[in-house]
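Colleague: fold the following.
(one chain, ligands or ions: 1)
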Amino acid sequence: MKITTKHNLKDFVYPISQGGYYSEFISCKTCEGKGTISVNNTEKIIRCPDCCGSGGHKEWKADKWYVCKESYGQIGRVIVEIYDEKYYDGKKYYDGKKEYKYMLDSTGIGTLWAEDSLFASVGDAQTECDKKNLLNSSKDKRPSYVQKGGSNAT
Ligand SMILES: [Zn+2]
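Modeller: Modelled structure (predicted):
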């Protein structure tokens, strides 16, 4: 059996990582966060039909990917786990699952890095972060009930 890994023992690599998730309150565009609107610019005030009076909604955002420059280190351990395509452990199939994990001298025994999170140069690591961040920002995470067309409220 021949095992090929992207990185080798003693390679120096830059890991990339992502911060957690956080929520941000997005003000309703229809009522500008007030929760109420006036009907046809008259004195009559009604609850905003778009946000149901809440003034907006919470949006989950992912923190940006970044290069962990302080974790730049040398690979001291490579863990490879490969399952046979037909392997069944009595509960589930593993479908030939492959997992490559790495330990760095800089982050110690408590941290396992996935293969695709390690890069030989800081430039390559940054390029991957930029790619992932662009992908995240283009995702519209608004709940579907907020997206309604044909609003004639002003
Ligand atoms: Zn509203």
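Colleague: residues from the protein in reach of the ion?
Modeller: 28, 30-31, 48, 50-51 (C-beta under 5 Å from the ion). To be clear about C-beta, it is placed using only N, CA and C from the backbone, and glycine gets the same treatment.
Colleague: quick check, pLDDT for Lys92.
Modeller: On the pLDDT scale, Lys92 is placed at 91.
Colleague: give me the neighbour count for it.
Modeller: Other residues within reach of Lys92, judged by other C-beta atoms under 10 Å, total 8.
Colleague: next: Lys6.
Modeller: When counting by other C-beta under 10 Å, one arrives at 14 neighbours for Lys6.
Colleague: apart from its chain neighbours, what residue comes closest to it?
Modeller: Ranked by C-beta to C-beta, 6 or more residues apart in numbering and with sequence neighbours excluded, the top spatial neighbour of Lys6 is Glu115, at 5.1 Å.
Colleague: surely that neighbour meets Thr5?
Modeller: Yes. If you go by C-beta atoms under 8 Å, Glu115 and Thr5 touch, sitting 7.0 Å apart.
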